[in-house]
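Trainee: Any chance you can model this:
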Amino acid sequence: MKKILFISSVTDLSVGSYRIWVHDLNQTFIELGIESKVLHHYSLEEIENHDVIICGKSDASLAKDLKVKFPEKKVGIINLSSDNKKLPVDFAIAGSLEEMDSLSCYKNVFLYPLIEKMYQNEEDCKVHEPKEKLIIGFHGHYPHLSKFNPHLKEALEELDELCDLELKIITSNVPFKWEVGKPNIRNIIIKGWNIKTFKKEMLSCDIGIVPNITPLSFTELALETSIDLGLYNTDHIVRMKNKSNAGRCFVFHQLGIPVVADFTPSNFHILGDPRCGFIAFNKNSWIKSILKLRDCKVRQTIAYAAKKEFDRLYDPHIWAKRLYNNILEI
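Mentor: Just a heads-up that it's a prediction; the model follows:
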């Protein structure tokens, strides 16, 4: 049995990369009977006493130094920042297939999805009841709000004329200036992300929305349609971050809130089954999907199916054991 040591200069549980890939993953390893420990400072004794060293997202330079000083140790890095040059480490841990592909310059890239252990309790799931006001929830880093533009923005503006709507935004970046993508609707509530209140705020939402991609056009890209090149004016052309993932969908799934999300590839693992939620791209698909979820019985049925599928596909013990075995095979 190999002994694992996480080293992270970050200690704040409100930081997702630390919470998921250090604090929670360490706990999961321990639950599996794997000797694992988290360290927040450099300790020669601890390093020498462990076989595998996994450095936190903000500790890339330390990972590089450790591999030089301890070539016999297996050294890995979590969720590499996109501006990092290739590091002399043994493996990288990514949160999505999209991110894995972007790190393919590394010999060993292992997937560990963004599974939030603090939302794993079945009793926390929302019970959907009949109500007049429909609360649509968004959570995440504020730049994602620009991805409301243009289709989701237009959809919400049209929906606001059809039903009693409230858009609840939960983000850690309050206050911020939201200009691009902000819908002109009657009720927008913005709440600061707080680890103590987040679950309660989320459970007040009836529907979760997850925009991520940026739609592009032939004009913007200076492209022309071409039958020979397989380029048509009906094509979907989108931009997404290399670290795109389904983490924001996952939290909604775990809490029993039905989701409408965009074409980000990782979203399809669960939402590719229409029984588990909806994928939307243009204005009409966002509108149709949200309108279907006005019925609380439909919301409950879809939320239950998505939660069941999430639990089947994203058991943290299965993924942690797989990660551990991948590391052993290096």
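
Trainee: switch to C-alpha atoms for all contacts and neighbour counts from now on
Mentor: OK.

Trainee: Mind giving me the packing neighbours of the longest helix seen in the chain?
Mentor: As assigned by DSSP state H, the longest helix anywhere in the chain is helix 296-313. Under the contact criterion of 3 or more Cα pairs under 8 Å, 6 or more residues apart in numbering; DSSP states H and E, helix 296-313 touches helix 247-254, helix 268-271.

Trainee: how about a cut-off of 6 Å?
Mentor: Packing contacts for helix 296-313, counted by 3 or more Cα pairs under 6 Å, 6 or more residues apart in numbering; DSSP states H and E, involve helix 247-254.

Trainee: Would you mind listing the outside residues contacting the helix it packs on?
Mentor: 114, 306, 307 (Cα atoms under 6 Å, 6 or more residues apart in numbering).

Trainee: List the single closest residue to residue 307 in space, sequence neighbours excluded.
Mentor: With Cα to Cα, 6 or more residues apart in numbering as the measure, residue 253 is the residue that lies nearest to residue 307, at 5.1 Å, once sequence neighbours are left out.

Trainee: From residue 156, how far off is the one you found?
Mentor: Applying Cα to Cα, to the nearest Å, the value for residue 253 to residue 156 is 22 Å.

Trainee: These two: which is more packed in?
Mentor: residue 253 (28 against 24; other Cα atoms under 10 Å).

Trainee: got a pLDDT number for that one?
Mentor: Per-residue pLDDT puts residue 253 at 98.

Trainee: so how far is residue 92 from it?
Mentor: Counting by Cα to Cα - residue 253 and residue 92 are separated by 27 Å.

Trainee: And residue 5, by the same measure?
Mentor: 15 Å.

Trainee: count of residues packed around residue 3?
Mentor: So residue 3, with other Cα under 10 Å, has 13 neighbours.

Trainee: Next, the contact list for it, please.
Mentor: 35, 36, 50, 51.

Trainee: just so I have it, where are all the strands in the stretch 1-150 of the chain?
Mentor: For the stretch 1-150 of the chain, applying DSSP state E, counting those that start in this stretch gives strands covering 4-7, 36-39, 52-55, 74-78, 91-94, 109-111, 134-139.

Trainee: would you list every one of the helices in the protein?
Mentor: 16-18, 25-31, 44-48, 60-69, 97-102, 151-159, 198-203, 247-254, 268-271, 283-292, 296-313, 316-328.

Trainee: and residue 222, which of those is closest to it?
Mentor: Relative to residue 222, the nearest member of the helices of the chain by Cα to Cα is helix 151-159, separated by 21.6 Å.

Trainee: For that closest one, give the mean pLDDT please.
Mentor: In the prediction, helix 151-159 has an average pLDDT of 98.

Trainee: likewise stretch 58-73?
Mentor: Here stretch 58-73 scores 95 as its mean pLDDT.

Trainee: please renumber so the chain begins at 96
Mentor: From this message on, residue numbering opens at 96, which makes the last subject stretch 153-168.

Trainee: Can you get me the centre-to-centre distance for that stretch and its chain?
Mentor: The chain centroid and the centroid of stretch 153-168 are separated by 27 Å under Cα atoms, centre = their mean, to the nearest Å.

Trainee: List the buried residues in that stretch.
Mentor: For stretch 153-168, a neighbour-count test (16 or more other Cα atoms under 10 Å) marks 153, 154, 155, 157, 158, 159, 161, 162, 168 as buried.

Trainee: Kindly format the C-alpha coordinates of it as CSV.
Mentor: Provided in CSV are the C-alpha atoms of stretch 153-168 (Å, rounded to 0.1, in the frame of the first residue of the first chain):
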residue,chain,number,x,y,z
SER,A,153,-1.4,26.9,-6.5
ASP,A,154,1.7,24.8,-5.7
ALA,A,155,3.0,24.0,-9.2
SER,A,156,6.4,25.4,-8.5
LEU,A,157,6.8,23.2,-5.4
ALA,A,158,5.8,20.1,-7.4
LYS,A,159,8.6,20.9,-9.9
ASP,A,160,11.2,21.3,-7.0
LEU,A,161,10.0,18.2,-5.3
LYS,A,162,10.5,16.0,-8.4
VAL,A,163,14.0,17.3,-8.7
LYS,A,164,14.9,16.8,-5.1
PHE,A,165,13.1,13.4,-4.7
PRO,A,166,13.3,11.7,-8.1
GLU,A,167,12.2,8.4,-6.6
LYS,A,168,8.9,9.8,-5.4
